[in-house]
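Undergrad: How does the following fold in three dimensions:
(2 chains, ligands or ions: 2)
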Amino acid sequence: MSAEPTAPELEGFEQTLAHDQRIEPRDWMPDGYRRTLVRQIAQHAHSEIIGMQPEGTWLTTAPSLRRKAILMAKVQDEAGHGIYLYSAAETLGVDRSDLTEQLITLRQKYSSIFNYPTLSYADVGTIGWLVDGAAICNQVPLCRSSYGPYARAMIRICKEESFHQRQGFELLMTMMNGTDEQRAMVQESVDRWWWPSLMMFGPPDDASPNSARSMAWRIKRHTNDELRQRFVDMTVPQAEALGVTLPDPDLRWNAERGGYDFGEPDWDELDRVIRGEGPCNEERVTRRADAHREGGWVRAAAAAYAGKQATSA
Amino acid sequence: MSEVDPVWPPYEVFVRSKRGLNHVHVGSIHAADPDMALRHARDVYTRRNEGVSIWVVRSADITASSPDEKDAFFAPSGDKIYRHPTFYDVEDVPHM
Ligand SMILES: [Fe+2]
Ligand SMILES: [Fe+2]
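TA: Residues are numbered from 1 along each chain as shown, chains lettered A, B, ... in the order given. Ligands and ions are numbered 1, 2, ... in the order given. Predicted structure coming up:
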């Protein structure tokens, strides 16, 4: 898998990108392109897997069988998303078990949002509405990402995400039509999740040095700030329909720009959470490492059984 | 720990979405054996009635043409334009 560019190889790669066609696993690609993809896809896969934890907390305490079944289906989807993405990463020559190792030894990251706690049941609705909503904004353009297996995984994921967002919104709507106490729970939850949701798009463009490269390679199709703006513009009318207040005094329609102006997220907070100092970083990674270790006997038993079947056949 | 962890090999997964259509490649899965690969493929790739039939095959057992050889490998079909119906000039004859 030598990536010393010979002129025709590099030209072929760039021609494919220029025609907006997809790069496929066995095509020649620059080392940097491969490395960037592995990092981004692995980080994305880890986010889906770690993302099961905050909501998973409420599986046994959701208030009805219907809500438990919905939440279970959503959490299972997130596991599926992780596996689609690990599968896409593996087409680049890495191994899923290595990626898991990198996650639990903190050498690879996952989305900052999952380092916040789910303190009330309303958080299940808010996560579906805001967190999955922000994920959809990020992910829809990735369905046209230049790397074929990644783009195809994103298409599957996006189809399932709209269920995630709608179940969350419907849950919040139900609570908003309930008692004053329930409405207060929703507002309190939205107050906590709004800013971390905006941070999901990453640092502002002028502090995001790798963005330009990823855009040139068409791995990424829009800048962080463009996507953040799109998310705010989509979400404000939804908040109005719901009857909640988004906790930003600077939020107002700007007719000149045709978009909402909004306040600056606390970028120091994002830095801290990425550095590992968020409220739940340690808990999330420890839980993932424990699950991996505790599953060891299952992997060993299945392999032993398969070995036995193979020799007796 | 990873030294003693057994390796579950990858399987490629193909799903027939409904009767009358071909199986189509949808991704891959790890499993200890083919039966487990089928079950995992069902859980991961058909949670919403996406399939009526699944094939799994060990990734290592697939033989593929290489993109590097593309030109030479597919050249035999490139210059045989007479294999296409549009090669033939037949004017104004019904049902042809
Ligand atoms: Fe997801
Ligand atoms: Fe989701």
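Undergrad: Get me the contact residues on the stretch 151-300 of chain A for chain B.
TA: A:R152, A:A153, A:R156, A:E160, A:R293, A:G296, A:R299, A:A300 (CB under 8 Å from any CB of the partner chain). Placement of C-beta: from N, CA and C, glycine included.
Undergrad: which of the residues in the helix or strand where the fifth one lies are buried?
TA: Using DSSP states H and E, A:R293 sits in helix A:281-294. The neighbour-count check on helix A:281-294 (16 or more other CB atoms under 10 Å in any protein chain shown) flags A:N281, A:R284, A:V285, A:R287, A:R288, A:A289, A:H292 as buried.
Undergrad: Please name the residues that touch the closest residue to ligand 1 within chain A.
TA: Nearest residue of chain A to ligand 1 (CB to the ion) works out as A:H81 at 3.8 Å. Taking CB atoms under 8 Å, 6 or more residues apart in numbering or on different chains, we find A:H81 in contact with A:A45, A:E48, A:I157, A:E160.
Undergrad: The last one reaches A:A79, doesn't it?
TA: No. Counting by CB atoms under 8 Å, no contact exists between A:E160 and A:A79, whose distance comes to 11.4 Å.
Undergrad: Just want to know which of those two has more residues nearby.
TA: Taking neighbours as other CB atoms under 10 Å in any protein chain shown, A:E160 and A:A79 compare with A:E160 leading, 18 against 14.
Undergrad: how near is that one to B:Y45?
TA: As for A:E160, its distance to B:Y45 is 12 Å (criterion: CB to CB, to the nearest Å).
Undergrad: A:T60 now?
TA: Going from A:T60 to B:Y45 by CB to CB gives 28 Å.
Undergrad: Same drill for these two, tell me which one is more crowded.
TA: B:Y45 (23 against 8).
Undergrad: circling back: return the closest of the buried residues of helix A:281-294 with respect to B:A72.
TA: In terms of CB to CB, no member of the buried residues of helix A:281-294 lies closer to B:A72 than A:H292, at 45.8 Å.
Undergrad: what sits against the closest one?
TA: A:H292 touches A:T100, A:I104, counting by CB under 8 Å, 6+ apart.
Undergrad: Can you give me the separation between it and A:T105?
TA: For A:H292, the distance to A:T105 - CB to CB - is 11 Å.
Undergrad: returning to what we had before: alpha carbons of the helix holding A:R293, as PDB, please.
TA: Written as PDB, here are the backbone C-alpha positions of helix A:281-294 (Å, rounded to 0.1, in the frame of the first residue of the first chain):
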ATOM      1  CA  ASN A 281     -15.400  12.000  30.300                       C
ATOM      2  CA  GLU A 282     -13.900   9.600  32.800                       C
ATOM      3  CA  GLU A 283     -17.200   7.800  33.500                       C
ATOM      4  CA  ARG A 284     -17.900   7.300  29.700                       C
ATOM      5  CA  VAL A 285     -14.500   5.900  28.800                       C
ATOM      6  CA  THR A 286     -14.300   3.700  32.000                       C
ATOM      7  CA  ARG A 287     -17.700   2.300  31.200                       C
ATOM      8  CA  ARG A 288     -16.700   1.500  27.600                       C
ATOM      9  CA  ALA A 289     -13.400  -0.100  28.800                       C
ATOM     10  CA  ASP A 290     -15.300  -2.200  31.400                       C
ATOM     11  CA  ALA A 291     -17.800  -3.400  28.900                       C
ATOM     12  CA  HIS A 292     -15.000  -4.400  26.500                       C
ATOM     13  CA  ARG A 293     -13.200  -6.300  29.200                       C
ATOM     14  CA  GLU A 294     -16.300  -7.900  30.600                       C
END
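Undergrad: any idea which helix or strand comes after it?
TA: Per DSSP H and E, the first helix or strand lying C-terminal to helix A:281-294 is helix A:296-312.
Undergrad: Pull that following helix out as PDB, backbone CA atoms only.
TA: C-alpha atoms of helix A:296-312 as PDB (Å, rounded to 0.1, in the frame of the first residue of the first chain):
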ATOM      1  CA  GLY A 296     -13.900 -10.800  26.700                       C
ATOM      2  CA  TRP A 297     -15.200 -14.300  27.800                       C
ATOM      3  CA  VAL A 298     -18.100 -14.000  25.200                       C
ATOM      4  CA  ARG A 299     -15.600 -13.400  22.400                       C
ATOM      5  CA  ALA A 300     -13.400 -16.200  23.600                       C
ATOM      6  CA  ALA A 301     -16.200 -18.700  24.000                       C
ATOM      7  CA  ALA A 302     -17.600 -18.000  20.500                       C
ATOM      8  CA  ALA A 303     -14.200 -18.300  19.000                       C
ATOM      9  CA  ALA A 304     -13.700 -21.600  20.800                       C
ATOM     10  CA  TYR A 305     -17.000 -22.900  19.700                       C
ATOM     11  CA  ALA A 306     -16.300 -21.900  16.100                       C
ATOM     12  CA  GLY A 307     -13.000 -23.700  16.200                       C
ATOM     13  CA  LYS A 308     -14.600 -26.800  17.500                       C
ATOM     14  CA  GLN A 309     -17.300 -26.800  14.800                       C
ATOM     15  CA  ALA A 310     -14.600 -26.300  12.200                       C
ATOM     16  CA  THR A 311     -12.500 -29.300  13.300                       C
ATOM     17  CA  SER A 312     -15.500 -31.700  13.800                       C
END
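Undergrad: Next to chain A, which bits of chain B? Give me the list.
TA: Within chain B, the positions near chain A by CB under 8 Å from any CB are B:1-2, B:5-8, B:10, B:26-33, B:36, B:43-44, B:47-48, B:64, B:66-68.
Undergrad: The same query, at a cut-off of 10 Å, please.
TA: Residues of chain B lying close to chain A (CB under 10 Å from any CB of the partner chain) are B:1-2, B:4-10, B:12-13, B:25-36, B:40, B:43-45, B:47-48, B:50, B:59, B:64-68, B:70.
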